[in-house]
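Visitor: Here's my sequence, what's the structure:
(2 chains)
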Protein chains: 2
Amino acid sequence: MRVVQKYGGSSLATPARILNVAERIARAYREHGPLVVVLSAMGDTTDELLALAREVSPRPHPDALDLLLSTGEVVSIALMEMALRDRGVPAVALMGWQAGIRTTPSFGRALIESVESARLERHLSGGKVVLVAGFQGVTAEEEITTLGRGGSDTTAVALAAALRAERCEIYTDVDGVYTSDPRVVPKARKLAHVTYDEMLELAHLGAVVLHPRAVELAKRYGVPLYVATSLDDREGTWIGGEAQDMEGGRVVTGVAVDESVARVTLRGVRPPEGALKRLFGLLAEAEINVDIIITSVAGPDGLDVAFSLEAGDLERAIELLAARRSSLAYDRLDAEGGLAKVSVVGAGMASRPGVAAGVFRTLADAGIDVKMVSTSEIKISVVVEREQACRAARLLHTAFGLDDEAAEAEGTPSPQGGRREA
Amino acid sequence: MRVVQKYGGSSLATPARILNVAERIARAYREHGPLVVVLSAMGDTTDELLALAREVSPRPHPDALDLLLSTGEVVSIALMEMALRDRGVPAVALMGWQAGIRTTPSFGRALIESVESARLERHLSGGKVVLVAGFQGVTAEEEITTLGRGGSDTTAVALAAALRAERCEIYTDVDGVYTSDPRVVPKARKLAHVTYDEMLELAHLGAVVLHPRAVELAKRYGVPLYVATSLDDREGTWIGGEAQDMEGGRVVTGVAVDESVARVTLRGVRPPEGALKRLFGLLAEAEINVDIIITSVAGPDGLDVAFSLEAGDLERAIELLAARRSSLAYDRLDAEGGLAKVSVVGAGMASRPGVAAGVFRTLADAGIDVKMVSTSEIKISVVVEREQACRAARLLHTAFGLDDEAAEAEGTPSPQGGRREA
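Guide: Numbering: from 1, shown residues only, chains lettered A, B, ... in the order given. Below is the predicted model of the structure:
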């Protein structure tokens, strides 16, 4: 029975926390035998190294930056090896290249191509705890790379897949996946189980417990994930392939809120042929991510196109579209900030009609205007005024039976949630 | 024409100093083409990492400690690669294992077994500045090691030897090798050239410009060394094989002072047979280094043995010898602290008689009592009272014609000298 554990940066931020994690690993070793543990850099180390780089270079060269940043995780595994050996646990610390993590040469956002696991297997057979530096790998040319955002989670899942581990445990500073952000919805409950797809939707929607990339990899290789806090022994959340009916055949798993949404509407785009390609090609080139897109039926006055985007990108989008007005040929541009997206997610949704109707009814009864809608197999998102977003989320949370009835309606001390470590 | 340069930690202590060194490397590149540059960790990084390790483990495991410490030099080469690329200099940064530095598995004090220089050669042929992390290597088992004291100097010399470089330039925070420590002898002069053997004696005697280990390696492979400061363009000191008569056929090259010496005398050691083996075997086991040894002719009352040692080891040595009195069987133990060793060094000494006589005459005329004497081919050391050591050094410096007549006799602002960076 093989296990891969991963501990994030805030779980390792100080020598005392490193010793706390060492105790946890030692306990897992005594209970289950050899295991693999992936570590992030301590606390703010990565940010400090980035700041140091910027003192030397205004735009640090990507391959040198990767080499620099990779040292953060090496410090973690070296310190953890010391702490474990002091506890009588045989441990070995491996950098990404030593652990056989081969990546593409895309510095700063490398993709794992393969894991040559012979060395890991040898150490596990030798009865050791194998500590692996997360977030890093090596190219075929033996150059050090980093994996970018969600890197250490991805390392852990990749190793679990390569070793056919029974599970991958991600220990972090949140204690699991909630039905909603407890800061927004005080009655949010921790979920015992979510599916990969639900987790992906929730992750993309801002429930940043796990990076979507790591969840996708786990889904592809069928690696069961377990997310919990490293600070105590509270039960966390399992993320797996099947919607297990642990919670009474629930239709909706969670409600997510993204409070920084804007909308742009272009009216009378001409000619309608190729208009979407021109428009969204232009935005993609400028690296402006577009979320929901709605188009009218093209008529004699051209096409109307509305799209939602990150509020932070709105100004840049307006400038870009104004500058290209002649080539895009539209009559009018309307822009609206101060919006939010509220999403209802659930793997059971696909087979149960009426969820969308329930969302619209709930919001209409409360007098909340829906500005845009987007649906998928397991998600319904609506764009509303930002001031109404939290109320909408709470109403939907209640309407779909997600409320933790034990929690006080207001002023509950929030469980840990929201932002998480890298 | 190949060159290896090495920059020490204090030359890299801040981003500004890193940029200063980048300018120097860029200049060398434009003047000479591709070169190899070995870097130490920034400033106090190694000490900071050691302190961090001690917060996690009272006695950090050596292999984990080596992995931890190795990150310091990696930070340096990564930052330098950024700085050089910003200056249009093609650079590549290599950790010890990437540079092919294979070592023994003696963690914390590994010895270089070989340098597999194919990768270095390839990058040099490709027109690059190759930045190599000093102080580190890798075992046949792919475990990271560090070389211990003098590590980065040793890395530089080993690479110069493997690449058959024309010279190895060591840039540090002292500007060369002096005839004596300028804080002790204000009229000390910088030497343009010393031989490997002279440098070895001076290094062992406390002129810590270069670690003896690096000098020995340079001597074995005939690598010419050049030591200078990284702060400006003052001429430094060449260290090479032949005593070049640049300085008028000098007999004596320098005068060194070690102010922390003690002496232990054992009287009436019995039986005299095997007495030295027993005594010094015991001290060696306790890792107490002995310097000068003097024995009497063994008589009916046994053997008298006197030896000098580091003042810091005196107490431990006394305790040890007292505890073993029954097995060592001596009549009396006399111990004396507060001594110093003054040494006169010169490769020309072997072929010129009378140097010893000159030393004794100079000291006797000044009323300085000589307590112990030790001689080698190129060195005469005397142990004297610590209070008289500096005066003895100045008198010998003058007597052997080493004085810089341009310097004031007293109160001269000292050139940089003495302690140096790691």
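
Visitor: Around the closest residue to chain B within the stretch 251-400 of chain A, how many other residues sit close by?
Guide: In the stretch 251-400 of chain A, the residue that lies nearest chain B is A:Glu287 (23.6 Å; Cβ to the nearest Cβ). Bear in mind the C-beta positions are built from the backbone N, C-alpha and C, glycine included. Neighbour count for A:Glu287, taken as other Cβ atoms under 10 Å in any protein chain shown: 8.

Visitor: Could you do A:Gly337 as well?
Guide: The burial count for A:Gly337: 13, using other Cβ under 10 Å.

Visitor: I'd like the distance from the helix or strand it falls within to the chain centre, please.
Guide: Here A:Gly337 is covered by strand A:332-345, with elements defined by DSSP states H and E. Distance of strand A:332-345 from the chain centroid (Cα atoms, centre = their mean, to the nearest Å) equals 21 Å.

Visitor: Parallel or antiparallel, list what pairs with that strand.
Guide: Note on strand A:332-345: by DSSP bridges, its sheet partners are strand A:254-269 (antiparallel), strand A:379-385 (antiparallel).

Visitor: chain center to the last one, what's the gap?
Guide: Meaning strand A:379-385. With Cα atoms, centre = their mean, you get 19 Å for strand A:379-385.

Visitor: Next, the angle from the helix or strand following it to strand A:254-269.
Guide: As assigned by DSSP H and E, the chain's next helix or strand after strand A:379-385 is helix A:386-399. Orientation of helix A:386-399 against strand A:254-269 (axes from the mean of the first three to the mean of the last three Cα atoms, to 10 degrees) gives an angle of 130 degrees.

Visitor: related to what we said a few turns ago, the strand holding A:Gly337: which residues count as buried?
Guide: Within strand A:332-345, the residues scored as buried using 16 or more other Cβ atoms under 10 Å in any protein chain shown are A:336, A:339-345.

Visitor: Can you list the low-confidence ranges for the stretch 201-350 of chain A?
Guide: A:204-208, A:242-249, A:350 (pLDDT under 70).

Visitor: Would you map the strands across it?
Guide: A:225-229, A:237-240, A:254-269, A:290-295, A:303-310, A:332-345 (DSSP state E, counting those that start in this stretch).

Visitor: Let me see the contact set for the residue of the stretch 251-400 of chain A closest to chain B.
Guide: Under the criterion of Cβ atoms under 8 Å, 6 or more residues apart in numbering or on different chains, A:Glu287 has no neighbours.

Visitor: Check A:Val215 too.
Guide: A:196, A:199-200, A:203, A:225, A:239.

Visitor: which bits of the stretch 101-250 of chain A sit near chain B?
Guide: A:119, A:142, A:144 (Cβ under 8 Å from any Cβ of the partner chain).

Visitor: Closest to A:Pro62 out of the residues you listed?
Guide: Using Cβ to Cβ, A:Ile144 comes nearest to A:Pro62 of these, at 11.2 Å.

Visitor: Just after the longest helix belonging to chain A, pick out the following helix or strand.
Guide: Longest helix in chain A, counting residues (DSSP state H): helix A:62-86. Per DSSP H and E, the first helix or strand lying C-terminal to helix A:62-86 is strand A:91-94.

Visitor: Is A:Leu124 located within a strand, as I assumed?
Guide: No: checked against DSSP: H, G, I helix; E, B strand; the rest coil, A:Leu124 lies outside a strand; its state is helix.

Visitor: Can you classify the closest residue to it other than its chain neighbours by secondary structure?
Guide: Leaving aside its chain neighbours, A:Leu124 sits nearest to A:Pro34 (4.5 Å; criterion: Cβ to Cβ, 6 or more residues apart in numbering or on different chains). What three-state DSSP gives for A:Pro34 is coil.

Visitor: What backbone torsions are found at A:Pro34?
Guide: phi -50, psi 140 (degrees, to the nearest 10).

Visitor: List the contacts of it.
Guide: Counted by Cβ under 8 Å, 6+ apart, A:Pro34 has contacts A:2, A:123-130.

Visitor: Mark which of those residues are buried, thanks.
Guide: Using 16+ other Cβ under 10 Å, the buried ones in the contacts of A:Pro34 are A:2, A:123-124, A:128-130.

Visitor: Generate CSV for those residues, with distance to A:Ala322 as supplementary columns.
Guide: Output for the buried ones among the contacts of A:Pro34, formatted as CSV (distance: Cβ to Cβ, whole Å):
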residue, distance to A:Ala322
A:Arg2, 57
A:His123, 59
A:Leu124, 59
A:Lys128, 61
A:Val129, 58
A:Val130, 56
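
Visitor: Out of these, show me where the pLDDT dips lowest.
Guide: Within these, pLDDT reaches its minimum at A:Arg2, with 91.

Visitor: Just to check, that residue is in contact with A:Ala165?
Guide: Yes: A:Arg2 is within contact range of A:Ala165, at 4.2 Å (criterion: Cβ atoms under 8 Å).

Visitor: Can you name every helix or strand that the helix or strand where A:Ala161 lies contacts?
Guide: Assigned by DSSP H and E, A:Ala161 falls within helix A:151-162. Contact here means 3 or more Cβ pairs under 8 Å, 6 or more residues apart in numbering or on different chains; DSSP states H and E; on that basis helix A:151-162 packs against strand A:3-7, strand A:36-39, strand A:101-103, strand A:112-115, strand A:136-138, strand A:167-172, helix A:212-221.
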